[in-house]
Structures are given as C-alpha cells and as structure tokens.
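Participant: just coords:
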C-alpha cells in the first residue's frame with residue numbers, strides 16, 4: 001500500500017510556489033505495537049498554514065523541512081495493532097497532515113460520529129474553525145446582548161460562525177467580506193444585519209454609514225487597513241479579538257501594523273489575541289452547544305470541498321484569492 005503525501009520542501013518568501021511542496025508516493029510502513037492506521041478522507045485547509053511554514057517564534061513550532069505538510073484531517077481506522085482505545089471503522093479526527101494515510105498511537109485523536117454530521121463539518125463548524133469562533137467571540141470578545149459586533153473575513157470558515165453566534169446571543173452584526181455574492185450570503189442566508197464589501201466600498205465611509213454608533217466588539221481575521229479602520233470606530237470599553245491577519249501572511253516586507261492604536265487608550269478598550277488550542281479542554285462542551293444550534297436551525301454550515309491530493313497547492317491558493325465559499329476542504333481518499 002502506498003501513501004500519497006505532500007512534503008514541505010522549502011520555506012516560502014511571500015506566496016508559496018511550486019518549490020514549496022513536493023508530492024511523494026511512499027510505502028505505508030508496518031504498524032508497531034499500539035499503533036493504528038487511519039485512511040484519511042478529508043484535509044482541512046486554513047490560513048494559519050501559511051504561518052506554520054515560517055521559521056519564527058509562534059504559538060506552535062514551524063513545520064520541519066521534509067516533513068508532511070501540517071493540517072487537520074478526518075478519516076477512518078482501517079488497521080489496529082493492539083490499541084484498546086480504537087476499533088476498526090472508527091471515524092477519527094486530529095492533525096493527520098496532508099497525506100492519504102496516517103499512522104499514530106492515538107494520542108490527540110478523537111472519535112466523532114459521522115451519523116450526526118458529515119465528515120467535512122468536523123473540519124469546519126464542529127472542528128477548529130468552529131471552536132475558534134465559539135471561544136473567540138464568547139471568551140475573548142465577551143459578547144453580551146445588545147452589543148454591536150463587526151466581523152472581518154465574515155464569509156469565511158471562522159467569521160461566518162462568529163457572526164451567527166453573535167446573532168444567537170442577541171447582538172447586531174455587521175460583516176466585512178469581498179464581493180457582492182459573499183455580502184449577500186452573510187446577510188440573506190446567515191442573518192447578518194448588514195455587510196460591507198471591501199472590494200467596492202471605501203472601508204472608512206462604509207463603517208461610518210453602517211456602524212454610526214460605533215462597535216463594541218471587533219473580531220479580526222484580516223489585519224492591515226481593515227483592522228486600522230475598525231479601530232477608529234470603537235465604543236467605550238470595546239473588545240478587539242485578533243484571530244488572524246490573512247491580508248499580511250504572504251507579505252515579503254514587514255507587515256503593516258495599526259496606526260489607529262491610540263483609539264484603544266481613548267476608549268479604554270482591549271485588544272487580545274486568541275489561539276484555539278488554549279481551550280482544548282472545553283471543546284466537547286462547545287461542540288455539544290454548536291451541534292444543538294445546528295439541529296435547531298440557528299446555525300448554518302457551509303463546506304467548500306475540492307478533490308485530489310494532487311490539487312493541494314491549487315486548492316490552498318483559494319484561501320488567499322477568496323475563490324471559495326465557507327470552509328475549504330480537500331478530499332484525499334481515492
């Protein structure tokens with residue numbers, strides 16, 4: 001049995017290119033005592049992957065050269081050499097990497113029920129993006145009923161869930177997204193109160209018009225100019241959640257920081273970063289709540305699934321081109 005793998009070969013400067021990764025087809029080794037073999041069905045593609053390629057200090061060690069490209073994944077146990085925690089056929093999810101098969105002793109792998117939700121949803125709304133949204137807006141954003149919430153990257157895997165949770169909690173929600181289709185989606189399908197199209201609208205003018213009273217919580221997935229503009233609209237004691245900065249990830253030069261940061265002083269506001277791994281012990285509680293909202297129709301989930309591990313780079317590029325709808329997932333099983 002052979003395993004198609006995407007191997008990380010070279011740290012990119014700016015946007016990753018064809019030299020960044022290499023597709024290899026390697027034999028699957030025999031299992032050692034206590035190990036299981038997982039046939040991976042789907043791989044999660046996330047903007048954070050770009051940061052993991054950099055050899056810089058971060059919340060997680062960088063991907064090693066010649067290692068399998070790091071990613072979240074979901075699949076099924078197809079072999080078991082004496083591991084009592086798993087059975088053949090179990091559906092499991094963890095950090096399996098961009099490959100068709102993963103061997104593990106089971107540490108860090110979790111069973112999920114595909115009868116309750118399809119596999120790709122466990123990489124999105126019921127996976128890391130959903131957990132990021134849940135804890136980011138509730139624990140860091142500290143939303144309360146009546147808050148005015150602004151979300152960038154609002155049609156993406158995290159932002160779309162952030163806005164919906166804020167609506168469930170009784171907030172007014174304005175989303176920032178790129179293009180009429182995405183703005184219509186977050187308003188008409190997800191229930192956002194309004195949307196700003198950063199591609200066709202001046203961000204400062206749009207914020208003045210659509211957030212006339214200012215913003216209590218800004219959930220940032222984008223950074224750059226949009227973060228700077230949002231800081232100018234903070235209300236007293238506002239909370240800014242720094243989840244990501246996708247506009248900056250591929251820059252070769254120094255990233256653009258906010259020039260409006262003194263707004264934090266004037267409004268006595270806070271700006272705090274969040275990393276989802278800090279909340280691991282509470283994932284089960286959050287997943288249960290998210291599952292209930294899904295069943296009640298209060299929360300909607302969208303996964304954008306592409307096929308073929310050979311198409312990894314092309315699919316990865318959709319993260320930054322915006323050519324996707326919802327959570328980006330790659331099907332790798334043949």
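Facilitator: Noted; the coordinates are in hand. Everything numeric in this text was worked out from a predicted model, so none of it was measured.

Participant: only C-alpha atoms for contact and neighbour calcs from this point on.
Facilitator: OK.

Participant: show me the domain layout of the protein.
Facilitator: If you go by automatic domain parsing, the domain ranges for the chain are 2-124+301-331, 128-277.

Participant: deepest-packed of the ones you listed, please.
Facilitator: Among the domains of the chain, domain 128-277 has the highest mean neighbour count (mean count of other Cα atoms under 10 Å), at a mean of 20.

Participant: can you show me the strands along the stretch 201-334 of the chain?
Facilitator: Per DSSP state E, counting those that start in this stretch, the stretch 201-334 of the chain carries strands over the ranges 215-220, 234-242, 270-273, 303-307, 327-331.

Participant: can you list the weak-confidence ranges in this structure?
Facilitator: 249, 251-252 (pLDDT under 70).

Participant: so which strand or helix has the spatially most central residue of it?
Facilitator: Nearest residue to the geometric centre of the chain (Cα atoms, centre = their mean): residue 129, 3.9 Å. For residue 129, the host element (DSSP states H and E) is helix 128-135.

Participant: please apply the same query to residue 64.
Facilitator: Counting by DSSP H and E, residue 64 is part of no helix or strand.

Participant: I figured it hits residue 8, correct?
Facilitator: Yes. Applying Cα atoms under 8 Å, one finds residue 64 in contact with residue 8, separated by 7.4 Å.

Participant: mind checking how far stretch 24-42 is from the chain centre?
Facilitator: Here stretch 24-42 is found 26 Å from its chain centre; the criterion is Cα atoms, centre = their mean, to the nearest Å.

Participant: do the same with stretch 187-203
Facilitator: For stretch 187-203, the distance to the chain centre is 20 Å (Cα atoms, centre = their mean).

Participant: again with stretch 14-34
Facilitator: 23 Å.

Participant: still on that earlier bit, what is the distance between the helix holding residue 129 and the centre of its chain?
Facilitator: Worked out by Cα atoms, centre = their mean, helix 128-135 lies 8 Å from the chain centre.

Participant: for stretch 312-324, same thing?
Facilitator: With Cα atoms, centre = their mean, you get 13 Å for stretch 312-324.

Participant: before we move on, what about stretch 199-218?
Facilitator: 24 Å.

Participant: now do that stretch: everything it contacts.
Facilitator: Outside stretch 199-218, the residues that touch it by Cα atoms under 8 Å, 6 or more residues apart in numbering are 141, 143, 147-151, 174, 178-179, 194, 196, 226, 229-230, 233-241.

Participant: appreciated, that's everything.
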